[in-house]
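Q: Kindly generate the corresponding structure for this input.
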Amino acid sequence: MANFKEATAVIRQGDKEAGKEILLDILQDDPENDMAWVWMSAVMDTDDLRLECLEEALRFNPDNQMAQRGIAKLRKKGAGETAVSPQYASPATKPSSSVAATLTYLCRRLIIEKQYQFAENLFARNPIIDSIVFDEPQKLRVEPIVAFPELNPLFPYFDAVLFRIGGNGLNVICIKIRDAQKIKNNFISQDRLVEIGKGYLKSNHLRMGFEVWELFEREFTSEDEARLSALKRIPGFKGVMITSLAIDVFSRQVKKCYQPSLATIFNAAYPKRINRWLKEESTFSEEETFQTIANGGVKFGSILLGLMGGIALALVIDFFLMWIQWPSGWIVDMIGAITAIMIAIYSRKAKVDNKYQGIITAALFGIVYYVILLFLFDYWLGLIWIWNIGWMIVWGAFLGRVTDP
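A: Sure thing, here's the model as predicted:
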């Protein structure tokens, strides 16, 4: 557990940010520590946030006199009386309604379409979460807001933190609004992100990926570019990968995407997907999206159509090569497999769960195609064909992922 005396000593020395991080670690282990909440109020930037921290302290210990006196002083100053969400109580730091609406919209799409969840803020109410309203919440496939203590250290740096746990690990999207008031503060370093990731990986031996999305309603500077570029990181032995994006809310596009080289290969379509989302903000419909998801899933009619198209193309190429007496090879097999996969993906009306559609199509194509070759050309089906089917499945997963809406 983090050292409470260390936190108070650091704060007394004037280093509020370091003190805040230590207190967050303490509250992560002991969220009912009333004195930690009292000291947390000392490092908050606004009276409304200080009031919330002191109210938390009083909730866990009604006899805490420091919290009582602090609340009384703040009430006299008028704290808590504004209807504006406390994190944006000051007009100087409140983002424009358009960029806040864009952030909220992106969060809703991530929750509805990608099954992300909000990490609940431990020490302050999140105005983004407060503004999220789903038209048909019963149709959500996940609980939208979940406590995730391991991610609490991220909250001082970001306006929204979302996460998704899958078979290959934990993916976290951290979103921050950048305006003229936030040029020189609240920046997180690669080392700090790796430290937070390692804290989670100690008890969960999975890969962890951070995505830092910064929404700019001001000019994107060379300093911004250098900072975001410095965040990108391949997983390595520590298992923490970091990707960063600069999003221009006025031009409605990803201005820069900083990905590790390997991620660039496998996520080539990722910035394009976010650009499409940004351009669809004014026309986005939750009802239509829920209906699309309900009509999605693996469609075997499309898979059959893909198999027919892919196998037909591969066999035509095979017969042509035989006619010109040119040896056939694995390239022909891959051309047929990729054709089958793309037909199976794009022939559906609702293009969701593309990854599974691609994997199943690739596996079935390999099996059916090589059985046909066995009967038509008396091929020997050895280990090389098993290897080829494996590569087809990899292509199916890749194409499914990059085409997923």
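Q: Do I have it right that Arg141 meets Gln115?
A: Yes. If you go by CB atoms under 8 Å, Arg141 and Gln115 touch, sitting 5.4 Å apart. C-beta coordinates here come from the backbone N, C-alpha and C atoms, glycine included.
Q: Counting neighbours, go ahead and name the busier of the two.
A: Gln115 (14 against 11; other CB atoms under 10 Å).
Q: Surely that one touches Leu162?
A: No. Contact criterion CB under 8 Å: Gln115 and Leu162 do not qualify, at 10.2 Å.
Q: pretty sure Val142 is in a strand, no?
A: No. Using DSSP: H, G, I helix; E, B strand; the rest coil, the secondary structure at Val142 is coil, not a strand.
Q: residues touching the closest residue to it other than its chain neighbours, list them.
A: Spatially, and ignoring its direct neighbours in sequence, Val142 is nearest to Gln115 (4.9 Å; CB to CB, 6 or more residues apart in numbering). Listed by CB atoms under 8 Å, 6 or more residues apart in numbering, the contact set of Gln115 reads Arg141, Val142, Arg164.
Q: Against Ile386, how distant is Gln115?
A: 33 Å (CB to CB, to the nearest Å).
Q: again with Asn121
A: Asn121 is 50 Å from Ile386, by CB to CB.
Q: contact partners of stretch 307-317?
A: Against stretch 307-317 from outside (CB under 8 Å, 6+ apart): 328, 332-333, 335-341, 343-344, 361, 364-365, 368-369, 372, 376.
Q: Give me the neighbour count for Leu140.
A: When neighbours are counted by other CB under 10 Å, Leu140 registers 15.
Q: again with Phe134
A: Other residues near Phe134 come to 14 when the count uses other CB under 10 Å.
Q: Confirm it sits in a strand?
A: No. Checked against three-state DSSP, Phe134 lies outside a strand; its state is coil.
Q: right, and it touches Leu140 too?
A: Yes. Between Phe134 and Leu140 there is a contact under CB under 8 Å: 6.4 Å.
Q: Find residues that contact each of these two.
A: Overlap of the contact sets of Phe134 and Leu140 (by CB under 8 Å, 6+ apart) consists of Ile111, Ile112.
Q: check which helix or strand covers Val172.
A: Per DSSP states H and E, Val172 falls inside strand 169-178.
Q: Report all helices and strands that that strand contacts.
A: helix 97-114, strand 160-166, strand 207-216 (3 or more CB pairs under 8 Å, 6 or more residues apart in numbering; DSSP states H and E).
Q: just these: most buried one?
A: strand 207-216 (a mean of 22; mean count of other CB atoms under 10 Å).
Q: Note down every partner strand of that strand and its orientation.
A: Partners of strand 207-216 in the sheet, by DSSP bridges, are strand 169-178 (parallel), strand 240-248 (parallel).
Q: gap between the longest one and the chain center?
A: So that's strand 169-178. Distance of strand 169-178 from its chain centroid, counting by CA atoms, centre = their mean, to the nearest Å, is 5 Å.
Q: for stretch 271-284, same thing?
A: 16 Å.
Q: Check which residues of that stretch are buried.
A: Using 16 or more other CB atoms under 10 Å as the test for burial, stretch 271-284 gives Pro271, Ile274, Trp277, Leu278.
Q: residues making contact with that stretch?
A: Contacting residues not belonging to stretch 271-284 are listed as 101-102, 105-106, 109, 245, 247, 249, 252-254, 257, 404-405 [CB under 8 Å, 6+ apart].
Q: Name the residues that touch stretch 20-32?
A: Identification of contacts with stretch 20-32 by CB under 8 Å, 6+ apart yields 1-4, 6-7, 10, 33, 36-37, 39-40, 43, 60, 122-123, 149-150, 152-153, 155-156.
Q: next structured bit after the helix or strand bottoming out on mean pLDDT in the chain?
A: Of all helical and strand segments in the chain, the minimum by mean pLDDT, DSSP states H and E falls on helix 261-266, at a mean of 49. Using DSSP H and E, the helix or strand that follows helix 261-266 in sequence is helix 270-279.
Q: CA atoms of that following helix as CSV?
A: Below are the C-alpha coordinates for helix 270-279, written out as CSV (Å, rounded to 0.1, in the frame of the first residue of the first chain):
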residue,chain,number,x,y,z
TYR,A,270,-8.1,1.9,-37.8
PRO,A,271,-7.7,5.7,-38.4
LYS,A,272,-10.1,5.4,-41.4
ARG,A,273,-12.7,3.8,-39.1
ILE,A,274,-12.5,6.7,-36.6
ASN,A,275,-12.7,9.2,-39.5
ARG,A,276,-15.9,7.5,-40.6
TRP,A,277,-17.3,7.7,-37.1
LEU,A,278,-16.5,11.4,-36.9
LYS,A,279,-18.2,12.2,-40.2
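Q: now the angle from it to strand 207-216?
A: Helix 270-279 and strand 207-216 are oriented at 40 degrees to each other (axes from the mean of the first three to the mean of the last three CA atoms, to 10 degrees).
Q: Next, the angle helix 97-114 makes with helix 270-279.
A: Here the directions of helix 270-279 and helix 97-114 differ by 120 degrees (the same axes, to 10 degrees).
Q: Quick one: end-to-end length of stretch 155-171, please.
A: From its first residue to its last, stretch 155-171 covers 16 Å (CA to CA, to the nearest Å).
Q: taking the mean pLDDT, what do you get for it?
A: Averaged over stretch 155-171, pLDDT sits at 85.
Q: now do stretch 109-126
A: 83.
Q: Just the C-alphas of that stretch, formatted as PDB.
A: The C-alpha trace of stretch 109-126 is given here as PDB (Å, rounded to 0.1, in the frame of the first residue of the first chain):
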ATOM      1  CA  ARG A 109     -20.200   4.300 -30.200                       C
ATOM      2  CA  LEU A 110     -17.400   2.500 -28.400                       C
ATOM      3  CA  ILE A 111     -19.800   1.100 -25.800                       C
ATOM      4  CA  ILE A 112     -22.600   0.100 -28.300                       C
ATOM      5  CA  GLU A 113     -20.600  -1.200 -31.200                       C
ATOM      6  CA  LYS A 114     -17.300  -2.300 -29.600                       C
ATOM      7  CA  GLN A 115     -18.500  -3.400 -26.200                       C
ATOM      8  CA  TYR A 116     -16.200  -1.000 -24.300                       C
ATOM      9  CA  GLN A 117     -17.100   0.000 -20.700                       C
ATOM     10  CA  PHE A 118     -16.500   3.200 -18.800                       C
ATOM     11  CA  ALA A 119     -14.100   2.900 -15.900                       C
ATOM     12  CA  GLU A 120     -15.800   4.600 -13.000                       C
ATOM     13  CA  ASN A 121     -14.000   7.600 -11.600                       C
ATOM     14  CA  LEU A 122     -13.100   7.000  -8.000                       C
ATOM     15  CA  PHE A 123     -12.500  10.500  -6.700                       C
ATOM     16  CA  ALA A 124     -14.800  12.700  -8.800                       C
ATOM     17  CA  ARG A 125     -18.000  12.700 -10.800                       C
ATOM     18  CA  ASN A 126     -17.200  12.400 -14.500                       C
END
